[in-house]
Structures are given as C-alpha cells and as structure tokens.
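> structure of the sequence below:
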Amino acid sequence: MRLPKLKLQSNSLTVQIFALFWLTFAILLAIVFFVPTLDARAYTELKGEELRYYQKELIISLRNNRILNVLTHQSEQEVDLYHPLDGRSDIPRPVLVNKDRNIIGASPNDVLQLQKFIYQSDNPLKPLTKRFYNIQISGPFLVHLGLVNEQSHLVYFVRTADPQQEFVSFIFDHPFFMLLLIMVISSPLLLWLAWSIGKPVRELRLSANAVASGDFTINKKLEQQGATELRLVGRSFNHMTQSLEELISNQQRLLSAISHELRTPLTRLQLAAALMRRRQGENAELYRIDTETERLDKMINDLLLLSRNQLNNHLLREIFPIQEIWEDIFSDAEFEAEQRSLSFTISQQIQSPEQHSINGNISALSSAVENVLRNSLKYTNNTITATIYIENKMLFIRIDDDGPGVPDDECERIFQPFYRVDAARTRETGGTGLGLAIVANIIQQHQGEVWAQRSSLGGLQVTIMLPLWIEQ
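Numbering: from 1, shown residues only. Take a look at the predicted model:
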C-alpha cells in the first residue's frame, strides 16, 4: 500500500501544531529535569571548578595547619583564634568527622545541619554540597594526619552563603506551583497558536454571516491570513460566494427577461381587443378579454416586482433605525383609514426606537409591511390594529383586522405564489396571489419570519419578525 505524499510548508497548520506540541513538550521536560537542579538546597555533586576549589582549599588548610588546629582546639572560639578569617565570612571553615562520626570544630549553630548533611554525604569519592538557609556545607574529603589512633578523618567545609529567597524556596517546595510555572511559560505559545487559528476562523464566520444576510462581497482577508489550510478554505469560500452571486443574478435576470417577453403578446392582445371593440362595439366577450388581460398585466408587474426585490435585497443593504420601516406607511394608512371611516390603531411599545437598527433593504422591508397593511385595508370591515415591539433582540410588527379572515389550515399556504383562498373574492378585489409571496420572500431574505393566524378581532393576524442589527 502506497502512503500519500505530504507536502508540508512552514506556514502549514499541521506543521505549526506539530512543532508547537514538541516545543512545549521539550520545555516541559527541561523544567522537570533542569529546574530542580537550580534549588540551592538540593544535594548536588561537586564537579569541575567547584570541586577543584574545595580541593585547593583543603590543601591550603593542611599547609596552614587549620585542620590540625581544629583537632587541637575543640571549641569554635579557640579555632578562630588560630586561623582568623580576616573579617571574611565567606571563606570555608573546615570541620572534621572522625571514624566514630563525632563532629570536631563546628559552631553550635551548625551542628544540626552538619548532622543532616553527614547522614546523606559520607563518601569522599563523591563529595556533595548543599545550602541550609544561610550556610553551605560541602564534602567530605578524606585526610590522613598521621596522629596516633586518629589517622583518618573526613573534612567538611562550612561557609556563609546568601539565603535563597523565600518565594523561590516556596515554589520548589510546592509541586502545584511548579506546575503553575509550567503553565505560565507554555501559555503564551498556546495562546499564539489559538489566536493564529481563531482569527481567520472569526473572519470566515463574519463572512458567512454576511452571505447569509445577502451580502456577497468577496473578503480577500480570508485568502491572506492564517495557516495555509485556512487560506485555502477562505479561497474556496470566496469562490462559493462569487458563484452564488452569479447564480442569483442570472436567475433574476432570466425571470425579468421572461416577464418582459410576456408583455409583447399581451400588448398585441390588448391592441386586437381595442380594434374589435371599435368595429363591433362593447360586448361580454370583449369585457372578459379586457378583465383577464388586466389581471395578466398585474401578475406580470408583480413578477417583475418580486424579481426586482430579490435582486435589490442582495445588492442594496444598509444599517438604518427601525422606525424608518413603518413611519411613512402608517402615516399614509392613517389618512386613508380616516377617509374611509375605518379605525386604525397603532401600538408602538418600543422605548427610543431610534436606538435600535436593522441591516437590510429599507425599501423592500417597507414594501413588505405596506403589502400586509394594504391587504388588511382591503378586507377589513371596520378595525385594524398595528402592534410593534421588541423581544429577544427581534423586532415584531403585528397587524390585525376584523375581516373575514383565513381558515386555520390555509394560514401557511397564503404565502405561496399564486395561492388564493377564495377565487371569486380574488377576482372581485383584483388580487394575483403574489402579494404575500413577495412579503415572505423579502422577510426570508432578511433572516426573518412571517406567519399568519386568526386574529382576536375576528379576522387575520399577520406577524413579521426581523433580527435587529447587533454590533460585531
């Protein structure tokens, strides 16, 4: 079986994750194995320069009889008289241990630390060193003094040292804080990786939301930011966006062309009917021809409007205050209702509507609201109410009337193109069955919803729900 060839680049997401994983793992190993050696209180073997330093110090102590003086003068005070340190407290002081493990020449303050150290370090072939707060003990070194019954001793050196800072000792004594240190060191690397992956993904999400809102603008950042794999995804997304825009534009142009082409035979039919009326006079057949041609002409106009709305909704979008959708429409409806002696009530339940905005085509949205309101004005008996409110970051526009209404099982189908509840009533009112279909199309293109149900006034209630614009 042949394995697939991998073409890895330095900017590849695979390479970045793999390299960062092993880099973090290497840092973790370094901290686990190296950092504990930095603890000055740990037992460490004397090597290199440090070992040679104490060997030299041992020779000097033998030549200057310091070690012999330690045996001769058992107390620390007497020892200091025979080999003063010239005011320097950092010079190692020799302390002897005989074969019975008796400590000779040690300060009373150092005895306890020396006992602990001697218990751990008693091999002159492998001398150790360790810091006890402010003193450092090193050794042992084997010496033969040639005295009777005291031929061999172990020599340890004690010197004053700067104490290790408390917070450093605290870290070494508590593994949890050592783990926290590892997390602090590795976090910037992991944050950088998460940021480098998350930034282009966020751009992709914003572009996807824009496409869902009908904005087909190509985002070149998707092809220029992030790892190679994410750039390729961004390029594919831009290609898809461009294809969708071309597909929708072609569809709308085709529908517009078909609608325009239908006008030619319709115009000829109207002209022929006019000539026949001039020759034969008015009759029922000509009246029927005129009625149907007018209905067909209105249907073609509605199809053109539907096509135009679909195209403009994608091309012409802006962010505007929500009240611009209904202000002019409701004002005109109030005037018309007054002329027809109808009751039109507006219930605006939004405080400061100018503070809320919508991203969309203001002309199309206003047309949708007007279409619903015109439908109510056409079928109402006496009363129409319009209610506007916001709930869960959604704008609701609800219009009720007291007309004949629609059966419950047909409330969903009235938004389908060319659907008529009552064909006879439609002929009387001049409807084509496209009005509410246009409304549904506009609202859906704005990521909203529209539905109908029986109104509490006895007629039809139509509710439009639209998402508010939220700053990204």
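> in stretch 134-150, what's buried?
Using 16 or more other Cβ atoms under 10 Å as the test for burial, stretch 134-150 gives Ile135, Gln136, Ile137, Ser138, Gly139, Pro140, Phe141, Val143. C-beta here means a position set from N, CA and C on the backbone, and glycine is covered the same way.
> same question, stretch 185-192
Result for stretch 185-192 [16+ other Cβ under 10 Å]: buried residues Ser186.
> give me the contacts around that stretch.
Leu20, Leu23, Thr24, Ile27, Leu28, Ile31 (Cβ atoms under 8 Å, 6 or more residues apart in numbering).
> for the residues you listed, point out the one with the lowest pLDDT.
Least confident entry in the contacts of stretch 185-192, by pLDDT: Ile31, with 68.
> so how far is Ile258 from Ile185?
68 Å (Cβ to Cβ, to the nearest Å).
> hang on, I meant Val184
Distance, Val184 to Ile258, by Cβ to Cβ: 68 Å.
> and these two? Which one has more around it.
Ile258 (13 against 9; other Cβ atoms under 10 Å).
> secondary structure element holding that one?
Following DSSP states H and E, one finds Ile258 within helix 228-280.
> can you name every helix or strand that that helix contacts?
helix 13-34, helix 175-212, helix 284-315 (3 or more Cβ pairs under 8 Å, 6 or more residues apart in numbering; DSSP states H and E).
> where does pLDDT dip in the stretch 351-472 of the chain?
Applying pLDDT under 70 to the stretch 351-472 of the chain picks out residues 421-432, 472.
> do a quick rundown of the helices in it.
With DSSP state H, counting those that start in this stretch as the definition, the stretch 351-472 of the chain shows helices at residue ranges 362-379, 423-429, 435-445.
> kindly reformat those as TSV containing distance to Ser341.
Formatted as TSV, the helices of the stretch 351-472 of the chain follow (distance: least, Cβ to Cβ, whole Å):
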stretch	distance to Ser341
helix 362-379	12
helix 423-429	19
helix 435-445	24
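> output the lowest mean pLDDT helix or strand found in this protein.
helix 76-82 (a mean of 41; mean pLDDT, DSSP states H and E).
> moving C-terminal from that one, which element do we reach first?
For helix 76-82, the following helix or strand on the C-terminal side (DSSP H and E) is strand 93-97.
> Provide the strand pairings for that next one, with the direction of each partner.
With DSSP bridges as the test, strand 93-97 is paired with strand 103-104 (antiparallel), strand 150-160 (antiparallel).
> who's in contact with it?
Counting by Cβ under 8 Å, 6+ apart, residues outside strand 93-97 touching it are 58, 61, 66-67, 70-71, 79, 85, 103-106, 110, 114, 118, 140, 153-159.
> now find how far off-centre it is within its chain.
66 Å (Cα atoms, centre = their mean, to the nearest Å).
> ok, stretch 439-448 next?
On Cα atoms, centre = their mean, the centre of stretch 439-448 falls 28 Å from the chain's centre.
> with just CA atoms, put that stretch into PDB.
The C-alpha coordinates for stretch 439-448 follow below in PDB (Å, rounded to 0.1, in the frame of the first residue of the first chain):
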ATOM      1  CA  VAL A 439     -43.700  39.700   1.600                       C
ATOM      2  CA  ALA A 440     -42.500  36.200   2.600                       C
ATOM      3  CA  ASN A 441     -39.600  36.400   0.100                       C
ATOM      4  CA  ILE A 442     -38.500  39.800   1.400                       C
ATOM      5  CA  ILE A 443     -38.600  38.800   5.100                       C
ATOM      6  CA  GLN A 444     -36.800  35.500   4.500                       C
ATOM      7  CA  GLN A 445     -34.000  37.300   2.700                       C
ATOM      8  CA  HIS A 446     -33.600  39.400   5.800                       C
ATOM      9  CA  GLN A 447     -33.300  36.300   8.000                       C
ATOM     10  CA  GLY A 448     -36.800  36.900   9.400                       C
END
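> buried ones in that stretch, by neighbour count?
Neighbour-count burial for stretch 439-448 [16+ other Cβ under 10 Å]: Val439, Ala440, Asn441, Ile442, Ile443, Gln445, His446, Gly448.
> distance to Glu292 added to those residues, as JSON lines?
As requested, the buried residues of stretch 439-448 are arranged in JSON lines below (distance: Cβ to Cβ, whole Å):
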{"residue": "Val439", "distance to Glu292": "25"}
{"residue": "Ala440", "distance to Glu292": "26"}
{"residue": "Asn441", "distance to Glu292": "26"}
{"residue": "Ile442", "distance to Glu292": "28"}
{"residue": "Ile443", "distance to Glu292": "31"}
{"residue": "Gln445", "distance to Glu292": "32"}
{"residue": "His446", "distance to Glu292": "35"}
{"residue": "Gly448", "distance to Glu292": "35"}
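> among the contacts of strand 93-97, name the buried ones.
58, 61, 66-67, 70-71, 79, 103-106, 110, 114, 118, 140, 153-159.
> nearest to Lys126, of the helices and strands packed on helix 228-280?
When the helices and strands packed on helix 228-280 are compared by Cβ to Cβ, helix 13-34 sits nearest Lys126, at 20.3 Å.
> between helix 228-280 and that closest one, find me the angle.
Orientation check (axes from the mean of the first three to the mean of the last three Cα atoms, to 10 degrees): helix 13-34 against helix 228-280 gives 150 degrees.
> who's in contact with the helix or strand following helix 13-34?
Toward the C-terminus, helix 13-34 is succeeded by strand 44-45 as the next helix or strand (DSSP H and E). Under the criterion Cβ under 8 Å, 6+ apart, residues Thr37, Lys126, Pro127, Leu128, Thr129, Lys130 lie in contact with strand 44-45.
> 6 Å - rerun?
Leu128, Thr129 (Cβ atoms under 6 Å, 6 or more residues apart in numbering).
> what's the answer for stretch 208-223, then?
With Cβ under 6 Å, 6+ apart as the test, stretch 208-223 has contacts from Glu203, Ser207, Arg231, Gly234, Arg235, Phe237, Asn238, Thr241, Glu245, Asn313, His314, Gln445.
> can you rerun that using 8 Å?
200, 203-204, 206-207, 231, 233-235, 237-238, 241-242, 244-245, 248, 313-314, 317, 359-360, 445-447.
> can you select the buried ones from these in ChimeraX?
In ChimeraX, this line selects whichever of the contacts of stretch 208-223 come out buried by 16+ other Cβ under 10 Å:
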select :200,203,204,207,231,233,234,237,238,241,245,248,313,314,317,359,360,445,446
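> in strands, which of the buried residues of stretch 134-150 fall?
Using DSSP state E, the subset of the buried residues of stretch 134-150 located in strands is Ile135, Gln136, Ile137, Ser138, Gly139, Pro140, Phe141, Val143.
> just curious, which of the residues you listed is nearest to Leu373?
Taking Cβ to Cβ as the measure, Leu373 lies nearest Gln136 of these, at 92.3 Å.
> wait, isn't the closest one in contact with Phe117?
No: judged on Cβ atoms under 8 Å, Gln136 makes no contact with Phe117 at a distance of 9.9 Å.
> any shared contact partners between those two?
Lys130.
> so where's the stretch 101-250 of the chain uncertain?
146-151, 162-175, 178, 213-214.
> just to revisit the earlier point, including distance to Ser352, could the strands paired with strand 93-97 go into TSV?
Listed next are these as TSV, based on distance: least, Cβ to Cβ, whole Å:
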stretch	distance to Ser352
strand 103-104	87
strand 150-160	75
